[in-house]
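> from the sequence below, what's the structure:
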Amino acid sequence: MSFLDQLGVTLPLVQAPMAGVSTPEMAAAVSNASALGSIAVGATDAAGASAMIAKARALTRRPFNVNLFVHATPQADPAREAAWLQALAPGFAEFGAQPPAQLSTIYTSFADDPAMLALLLEARPSVVSFHFGLPSAEAIAALKAAGIVLLACATSPAEALAVADAGVDAVVAQGIEAGGHRGIFDPRAQDDRLGTLALTRLLVAQGRLPVIAAGGIMDGAGIAAALKLGAVAAQLGTAFVPCPESAADAAFRAALAGPGAGHTVFTRLISGRIARSLPNRFTALEATLGGLQPPDYPRTYDAGKALNAAAKAQGESGFAAQWAGQGAPLARALPAADLVALLVRELAEAQG
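Numbering: from 1, shown residues only. From the prediction side, this is the model:
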């Protein structure tokens with residue numbers, strides 16, 4: 001019996017927790033359709049997370065996942081940050097704005113957030129997942145003692161072994177095809193950029209933990225392929241961006257439906273960590289800023305969000321974080337519950 005069976009989740013489908021896009025409404029709709037919905041609280045504080053969990057619980061009695069960022073504590077570097085802001089200054093000037101005088105750490109890592117841990121131990125969501133790394137052994141032990149199922153993202157066999165050794169219940173195998181932030185634990189380390197197929201098989205072969213395949217999976221045939229590889233479920237993110245329950249704005253939805261969906265790119269210019277995005281004016285800055293070292297994540301994101309706000313105020317949407325995976329052209333604009341039902345039908349057809 002897998003952890004999904006124990007939770008009463010009957011479909012081998014996890015909706016990816018996409019910060020800035022996933023909502024309690026979407027998570028509830030997916031969970032009510034018998035899959036595992038997710039909310040992302042890495043970009044908010046304990047009070048914000050509490051409100052999101054309460055909203056999801058008001059909409060569903062079924063399990064859902066709460067996702068956290070466990071990135072390394074960012075280090076301020078005044079010289080590097082000043083150079084970065086100076087390099088972005090022409091972009092701000094185009095929209096009649098000035099870059100921030102200095103950068104702030106806009107997101108607190110779960111590793112540095114005792115208030116978030118206290119909230120989770122009080123709220124006791126059915127599932128908690130980690131991205132960018134693992135919290136302390138003490139935090140993991142406390143969450144497990146509270147009866148919470150734990151998931152963690154891994155981009156390599158070595159990271160998956162660390163996940164297993166930490167006592168986490170299942171591992172999300174994030175292939176290079178995935179949209180959004182690459183979950184690599186150490187962004188300075190060598191990245192073998194394993195695809196979903198190879199990584200899933202490698203982690204299944206390790207035999208340490210149940211594997212959830214993620215990256216480029218958009219339809220029932222993709223879910224069937226993941227299960228055939230030995231995964232217990234597939235995690236889909238970009239597939240849910242066009243759903244009316246998502247928080248994606250009109251520009252993001254239009255870009256996802258446009259020709260750029262077939263040409264996603266990696267960039268660290270927006271946030272400071274590598275992430276797969278639809279191509280836009282921000283990612284195009286790679287040609288001029290690619291040789292400059294961005295500040296630590298998420299301090300770089302402080303500048304990125306400010307530039308996007310200045311541009312949007314003047315009607316320009318090309319500086320937004322429009323995260324999407326390589327399967328983006330396969331996205332369908334359907335209500336979340338209808339998309340889950342369609343995925344189930346496609347899965348049955350693929351399995352014959």
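> what does the pLDDT read for Gly352?
Per-residue confidence (pLDDT) for Gly352: 89.
> separation between it and Leu269?
45 Å (Cβ to Cβ, to the nearest Å). For the C-beta atoms, the positions are set from N, CA and C on the backbone; glycine is no exception.
> more neighbours, the two?
Legend: neighbour count by other Cβ atoms under 10 Å for Gly352 and Leu269, higher for Leu269 (24 against 5).
> so the more buried one makes contact with Thr288?
No. Between Leu269 and Thr288 there is no contact under Cβ atoms under 8 Å: 9.8 Å.
> need the contact list for the nearest residue to Leu227 once chain neighbours are set aside.
Counting by Cβ to Cβ, 6 or more residues apart in numbering, the nearest residue to Leu227 once its immediate chain neighbours are dropped is Pro12, at 6.0 Å. Pro12 is in contact with Leu4, Ile223, Leu227, Ala231, Val232, Ala233, Ala234, Leu347, counting by Cβ atoms under 8 Å, 6 or more residues apart in numbering.
> now do the same contact list for the first one.
Yep, that's Leu4 we're talking about. Here Leu4 is in contact with Thr10, Pro12, Leu36, Val232, Ala233 (criterion: Cβ under 8 Å, 6+ apart).
> bridging residues for the last one?
Bridge pairing for Ala233 (DSSP bridges) gives the partners Ile212.
> same question, the third one
Each beta-bridge partner of Leu36 is listed here: Val14, as defined by DSSP bridges.
> state the number of residues packed around it.
Neighbourhood size, Leu36 [other Cβ under 10 Å]: 28.
> hmm, Pro17 and it touching each other?
No. Counting by Cβ under 8 Å, Leu36 stays clear of Pro17, with 10.2 Å between them.
> now the common contact residues for those two.
Common neighbours of Leu36 and Pro17 (Cβ under 8 Å, 6+ apart) are Asn65.
> on that earlier part again, of all the contacts of Leu4, which two lie farthest apart?
Greatest spacing in the contacts of Leu4, by Cβ to Cβ: Thr10 and Val232 (12.5 Å).
> quick one: which of these two has more around it?
Higher neighbour count among Thr10 and Val232: Val232, with 19 against 12, using other Cβ under 10 Å.
> which residue packs closest to Gly96, ignoring adjacent ones?
Gln314 (7.2 Å).
> follow-up on the earlier one: check what pLDDT the residue nearest to Leu227 gets.
Model confidence at Pro12, given as pLDDT, is 98.
> for it, phi and psi?
Dihedral angles of Pro12 (phi, psi; degrees, to the nearest 10) stand at phi -80, psi 60.
> how near is it to Asn308?
36 Å.
> ok, Ser271 - contacts?
The contact partners of Ser271, by Cβ under 8 Å, 6+ apart, come to His181, Tyr297, Pro298, Thr300, Tyr301, Gly304, Ala321.
> pLDDT weak spots in the stretch 251-352 of the chain?
Judged by pLDDT under 70, the stretch 251-352 of the chain has no weakly predicted residues.
> quick one: the strands in it?
265-267, 275-277 (DSSP state E, counting those that start in this stretch).
> compare the ones you listed and give me the one nearest Arg62.
strand 275-277 (29.7 Å).
> quick one: residues in contact with the closest one.
177-182, 264-268, 270, 283, 321-326.
> list only those of those flagged as buried.
If you count burial by 16 or more other Cβ atoms under 10 Å, the buried members of the contacts of strand 275-277 come out as 177-182, 264, 267-268, 270, 283, 321-326.
> test my guess that Leu209 contacts Ala162.
No. Taking contacts as Cβ under 8 Å, Leu209 lies outside contact range of Ala162: 11.1 Å.
> show me which of those two is the more surrounded one.
Leu209 (22 against 17).
> which residues in the stretch 1-150 of the chain form helices?
3-7, 24-32, 46-59, 78-94, 114-123, 137-145 (DSSP state H, counting those that start in this stretch).
> can I get those in TSV including distance to Gly215?
Output for these, formatted as TSV (distance: least, Cβ to Cβ, whole Å):
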stretch	distance to Gly215
helix 3-7	19
helix 24-32	18
helix 46-59	25
helix 78-94	29
helix 114-123	27
helix 137-145	25
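> just name the most buried of the ones you listed.
Of all those, helix 24-32 has the most neighbours on average by mean count of other Cβ atoms under 10 Å, namely a mean of 25.
> can you state the direction angle for that helix and helix 46-59?
Counting by axes from the mean of the first three to the mean of the last three Cα atoms, to 10 degrees, helix 24-32 lies at 40 degrees to helix 46-59.
> which strands and helices sit next to helix 24-32?
strand 13-15, strand 37-40, helix 46-59, strand 64-69, helix 336-351 (3 or more Cβ pairs under 8 Å, 6 or more residues apart in numbering; DSSP states H and E).
> which residues sit against it?
With Cβ under 8 Å, 6+ apart as the contact definition, helix 24-32 has outside contacts at 9, 13, 15, 36-39, 52-53, 55-56, 59-60, 62-65, 240, 243, 245-246, 335-337, 340.
> domain ranges for this protein, per the record?
With domains defined by automatic domain parsing, the chain comprises 3-74+109-243+330-351, 75-106+265-323.
> of these, which is nearest Ala254?
domain 75-106+265-323 (8.3 Å).
> gap between the two ends of the closest one?
One end of domain 75-106+265-323 to the other measures 25 Å (Cα to Cα, to the nearest Å).
> that domain: how far from the chain's middle?
19 Å (Cα atoms, centre = their mean, to the nearest Å).
> with stretch 106-113 instead?
16 Å.
> can I get it in CSV, CA atoms only?
Extracted as CSV, the C-alpha positions of stretch 106-113 are listed here (Å, rounded to 0.1, in the frame of the first residue of the first chain):
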residue,chain,number,x,y,z
ILE,A,106,11.6,38.5,0.5
TYR,A,107,11.1,34.8,1.4
THR,A,108,12.2,33.1,4.5
SER,A,109,13.5,29.6,4.1
PHE,A,110,11.6,27.0,6.1
ALA,A,111,15.0,26.1,7.6
ASP,A,112,15.0,29.5,9.2
ASP,A,113,11.3,29.8,10.0
